[in-house]
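what shape does this take:
(2 chains, ligands or ions: 2)
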Amino acid sequence: MPRILVVDDDEMNRDMLSRRLLRKGFEVELAVNGEEAIQKAHAVRPEIILMDLSMPVLDGYEATRRLKASPETARIPIIGLSAHAMVGDREKALAAGCDDYDTKPVELPRLLEKVDARLGRTEA
Amino acid sequence: MRRFLGDAPVGWKLTVISLAATAFPILLAGGVLFVAGNAEARRERGTSLAAIAEVLSPACLAPLGARDAAAAADTLGGLGSLAAVTRAGLYTSDGALLASYTRPAADEPPPRAPRAGGPTEAEGHVTLTREVLAPGGAPLGSLFLETDLSWLARERRARGSLLAVVGLSACLLAVLIASRLQRAVSEPIRALLEVARNVAATGNYALRAGGGGRDEIGALVEDFNRMLAQAQERDAELRAAKEAAEEASRSKSAFLASVSHELRTPLNAIIGYSEILQEEVRERGASGLLPDLEKIHASGRHLLALINDILDLSKIEAGKVELLVESFDAAALVRTVGATVQPLVAARGNRLELAIGSEVGNVRADVTKVRQILLNLLSNAAKFTENGTVCLGVELSRGPERDELVFRVRDSGIGIAPEQMGRLFRAFAQADATVSRNYGGTGLGLALSKRYAELLGGELSAESEMGKGSTFTFRLPLATRETRTPSRPSLLGTRRSDVRRVVLPAYAEPGPDARLVLVVEDDAAARGFLVRVLNAEGLRVVSAENGAEGIRLARELKPALVTLDLLMPQEDGLSVLAALKADPALGAVPVLLLATGDDPQHGLTLGAAGHLVKPVDRDRLAEVLHRFASGRRPPRVLIADADEMTRTVLRRAVEREGGTVVEAADGRGALDVLASSDVDLVLLDVLIPGVDAFELLRWLRSAPGRGPLTPVVILAARQLTTADRARLAGAVEAAAVAGEGGAPLEEEIRRLVRRYVHADARNGKEAPADAQDPGRR
Ligand SMILES: Nc1ncnc2c1ncn2[C@@H]1O[C@H](COP(=O)(O)OP(=O)(O)OP(=O)(O)O)[C@@H](O)[C@H]1O
Ligand SMILES: [Mg+2]
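Ligands and ions are numbered 1, 2, ... in the order given. Have a look, this model is predicted:
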């Protein structure tokens, strides 16, 4: 099953997302900020990353930029997530290098669709 | 009189009044004197004739008694010495003329036997006939005397002229004196008027009227000033109140934004966990719990939608909404929106119809906003209609002023009561409390949609008939931008392909010590774009929506660079540029003009450091920015001059400013340098051999790359001719003439180097006055 890295500073968010993804059969890795996300991305080589964009220490935009700048992690698709689309959030996310973008709270079916699309899978 | 003087200035009025007050008494007195003098003269004539007769009578006795005509003539002849008498006759008692006297000028002889009496006046003569009485009292004859009044007319004329001369001089004097003295009255009034007009025109209540003294006018001036002071006070109060209100509204929006964020976080958990629970409950087959979980979940979602709407509204009200204008296919949008709402519409047994006009094509607008408006309208239509139809249509409407896309959302639902129509687009305006109970919703959808429609330059309106259905019409101008500032190309490009090319840069939070760039741009989308590009370049950005704000911020923040939109509605870029350059504290700050065509030439002569043509190319902007605002590498200066001495002097000047130098001894060499590498400043001898300096300039200005932006300083050993200056206009930044204007050339060059290439030295901490200090570096 694909390995998915969930990056979120909020514990409940991580918990919710990981539980649901686990149930859908993903192998889930967690990171609590951008720095850890970069570390984990290099260490565990996830197939896809769900990245919260507003986080302390190193935010999702910068983390994405760095991941996309590093040849080892550049190919990992990243879906940016932010609470309530402030105007321009989506553009900012895509500009930072995110492959896709979604809003929180996540609507799981929609998010899974995006994940599948990025993983090149049809209907998990 | 009053009508005649009505519109004349006060000074005039006063003069005319004094003139009238002088002239009328003079005329009256003169006239009376004149008439009285006449009568007096006549009377005098009569009496003097009588006196002559009295004197003459005794002398006539003898000739009359003797009827001696010769002696009588002799007696009368003595009258010749009396100029007054024109004719005289001596008659015997039977009336025969004994002797007569006629003044040479008189033509007629004395009359025959006139009756005694007189003096009587007739036909310009005064006549008198007296009986000559013997000592015993018996009449011996009579004496006729006549005098004419022609002298009187003469005298009258003389007197009249005198009167006229005196009268006129008096009037003249009156006018002179009045026109001087009236100023004491009219000047303060005029000054007062001036101030009043000024205040009205400028709204500057700090002005005060002067003069006035202690009379009524002085009191008026004083009262006027007092009124001004009151107005000023009130004005200040109003302004303060307005600022406070704006501040309050801003903090309200900020508060709302942060509260909504705080609310959303726990809400997130509620929604998320209720979803998880639903999944787990379903898996474990405890479906009895599902309805409750679904209610929790639905309420959570509802609350979230509400919070988001409030946040959106507060953002609109705070003016914080950015439009991302791009070109998109309206027909395609209608189709996808139709597909999105299809299930929602079908949920109440409704049929969805789409009607797309054949002419409908691309439109330039913010597609997310348009979509949101349509979704709001459709969700309402679906909500308030059962077993009916919901139709979404779009068509092109060509108008005299602009072309529009007209979106219509029609339903056959319950309709809207007339009394509700008026508040339909207000926030939280639902038909009544039962609506939210029966249909859900909060009454924010239409309020938001209306605001969005207006933001896009369009309008949203509704028609409805109770029980029959409603139609909402959303008119969207084909080009959102164009409706706001006509015929103005978009910063983000005008074609679809342009839009695609604009890759928005990654967002980066610049550090606190990053250089500061001030963006002056009225267009929100363009401003957003610039801010992002600049942020991505690691620069801090402050933006101003108009020229006045830009100037204010520039003074306050002393940015390292200003980007200035040339076309702004209130104050155009050029005047802002002029104001910036005129300010000694800001003159050295480079200004980058963003313009649409070749109009920036103007700006360069006014002191702009460079310009970019819209639509702005991101890479080019970044490149220019680095040149002006980051300045990481030392500036490279090309010195093109045939004279080695000059080159050495200049090199020293540049190097002392921390720059590096490339030298060229002739035009060819200069061209080679310019063609092969980038320089930050060119010092160019106007008489450079090889290639004509003007030729070289033309080449540089039309060269690809950054050539057109490179500042060029012309060096001339003599004063440039007007023709030279005309050829250089717009192409060079400055012309330094050796030995001109006191400052030695070297000094001047160092100043120019500082000005044009030391963008990095110009952050806020450094006062430009320092930059003038030669021994600093
Ligand atoms: N198509 C329609 N037919 C009948 N009534 C309508 C229609 N559209 C709007 N209304 C009336 O206008 C009110 C305001 O609509 P609006 O979309 O602003 O709020 P809402 O739909 O009640 O809530 P929200 O959209 O915020 O969920 C509605 O409550 C309803 O009374
Ligand atoms: Mg609604």
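
now stretch B:283-300: average pLDDT?
When the per-residue pLDDT values of stretch B:283-300 are averaged, the result is 87.

can you check stretch B:456-476 too?
pLDDT averaged over stretch B:456-476 equals 94, rounded to a whole number.

span of it from start to end?
This stretch, stretch B:456-476, spans 7 Å end to end (CA to CA, to the nearest Å).

quick one: is it near chain A?
No: using CB under 8 Å from any CB of the partner chain, we find that stretch B:456-476 stays clear of chain A, coming within 13.2 Å at best. Glycine gets a C-beta too; all of them are placed from N, C-alpha and C.

doesn't residue B:153 belong to a helix?
Yes: assessed by DSSP: H, G, I helix; E, B strand; the rest coil, residue B:153 belongs to a helix.

quick one: residues contacting it.
Counting by CB atoms under 8 Å, 6 or more residues apart in numbering or on different chains, residue B:153 touches no other residue.

now it: how far from residue B:296?
Taking CB to CB, to the nearest Å as the measure, residue B:153 and residue B:296 are separated by 127 Å.

check residue A:45 too.
The spacing between residue A:45 and residue B:296, counted by CB to CB, is 38 Å.

tell me which of those two has more neighbours.
A side-by-side neighbour count of residue A:45 and residue B:296, using other CB atoms under 10 Å in any protein chain shown, places residue B:296 first with 16 against 13.

count the neighbours of residue A:37 for me.
The burial metric for residue A:37, expressed as a neighbour count using other CB under 10 Å, is 31.

in which helix or strand does it reside?
Using DSSP states H and E, residue A:37 sits within helix A:34-44.

got the residues of chain B near ligand 2?
By CB under 5 Å from the ion, the part of chain B that sits against ligand 2 consists of B:380, B:445.

domain parsing of chain B, as residue ranges.
B:2-180, B:327-477, B:487-607+B:721-777, B:615-717 (automatic domain parsing).

ok so, going back, and the helix holding residue A:37, what does it pack onto?
For helix A:34-44, the helices and strands in contact under the criterion 3 or more CB pairs under 8 Å, 6 or more residues apart in numbering or on different chains; DSSP states H and E are strand A:3-7, strand A:27-31, strand A:48-52, helix A:60-69.

now mean neighbour count too, for the ones you listed, in a markdown table please.
As requested, the helices and strands packed on helix A:34-44 are arranged in a markdown table below (neighbours: other CB atoms under 10 Å in any protein chain shown):
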| stretch | mean neighbour count |
| --- | --- |
| strand A:3-7 | 24 |
| strand A:27-31 | 19 |
| strand A:48-52 | 26 |
| helix A:60-69 | 22 |
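
can you tell me which residue is spatially central in chain A?
residue A:50 (1.2 Å; CA atoms, centre = their mean).

that residue against residue A:18, yeah?
No: using CB atoms under 8 Å, residue A:50 is not in contact with residue A:18; the gap is 9.7 Å.

mutual contacts of these two, please.
By CB under 8 Å, 6+ apart, residue A:50 and residue A:18 have these common neighbours: residue A:6.

which helices and strands does the least confident helix or strand in chain A by mean pLDDT pack with?
The weakest-scoring helix or strand in chain A, judged by mean pLDDT, DSSP states H and E, is helix A:89-96 (a mean of 77). In terms of contacts (3+ CB pairs under 8 Å, 6+ apart), helix A:89-96 is packed against helix A:60-69, strand A:78-83, strand A:100-104.

pass me the low-pLDDT residue ranges in chain A, would you?
By pLDDT under 70, the weakly predicted segments of chain A are A:84-88, A:121-124.

mind redoing it with 90?
A:1-2, A:9-13, A:16, A:20, A:23-25, A:53-62, A:65, A:68-75, A:82-124 (pLDDT under 90).

that one against chain B: which residues are in contact?
A:10, A:12-13, A:16-17, A:19-20, A:23, A:59, A:61-62, A:65, A:83-84, A:87-88, A:91-92, A:94-97, A:104-106, A:108.

can you tell which of the domains of chain B is closest to residue B:254?
Distance to residue B:254, taken as CB to CB, is lowest for domain B:487-607+B:721-777 among these, at 17.7 Å.

what is the rounded mean pLDDT of the closest one?
On average, the pLDDT along domain B:487-607+B:721-777 is 61.

do stretch B:675-692 as well
Stretch B:675-692 shows a mean pLDDT of 80.

likewise for stretch B:156-172?
Averaging pLDDT along stretch B:156-172 yields 86.

ok, residues contacting it?
Outside of stretch B:156-172, the residues that reach it under the criterion CB under 8 Å, 6+ apart are B:19, B:22, B:23, B:26, B:27, B:30, B:33, B:34, B:37, B:38.

number of residues surrounding the fifth one?
Using other CB under 10 Å as the criterion, residue B:27 is surrounded by 15 other residues.

now the fourth one
The local packing count at residue B:26 equals 17, with neighbours defined by other CB under 10 Å.

tell me which residues touch it, please.
B:166, B:167, B:170, B:171.

just the second one next, same as before
Applying CB under 8 Å, 6+ apart, we find residue B:22 in contact with B:170, B:171, B:173, B:174.

now, the residues you listed that are in helices?
Among these, the residues falling in helices (DSSP state H) are B:170, B:171, B:173, B:174.

what about the nearest residue in space to the third one that is not next to it in sequence, which helix or strand?
It stands for residue B:173. Distances taken as CB to CB, 6 or more residues apart in numbering or on different chains place residue B:22 nearest to residue B:173, at 7.8 Å, with adjacent residues excluded. Under the assignment given by DSSP H and E, the secondary-structure element containing residue B:22 is helix B:10-66.

tell me which other helices or strands the helix or strand hosting residue B:244 touches.
Using DSSP H and E, residue B:244 falls within helix B:216-284. In this structure, helix B:216-284 makes packing contacts with helix A:11-23, strand A:78-83, helix B:183-202, helix B:290-317, judged by 3+ CB pairs under 8 Å, 6+ apart.

give me that answer again for 10 Å
Helices and strands in packing contact with helix B:216-284 are listed as helix A:11-23, strand A:78-83, strand A:100-104, helix A:108-119, helix B:183-202, helix B:290-317; criterion 3 or more CB pairs under 10 Å, 6 or more residues apart in numbering or on different chains; DSSP states H and E.

the inter-axis angle of the shortest one versus helix A:108-119?
It stands for strand A:100-104. Calculated by axes from the mean of the first three to the mean of the last three CA atoms, to 10 degrees, strand A:100-104 forms an angle of 160 degrees with helix A:108-119.
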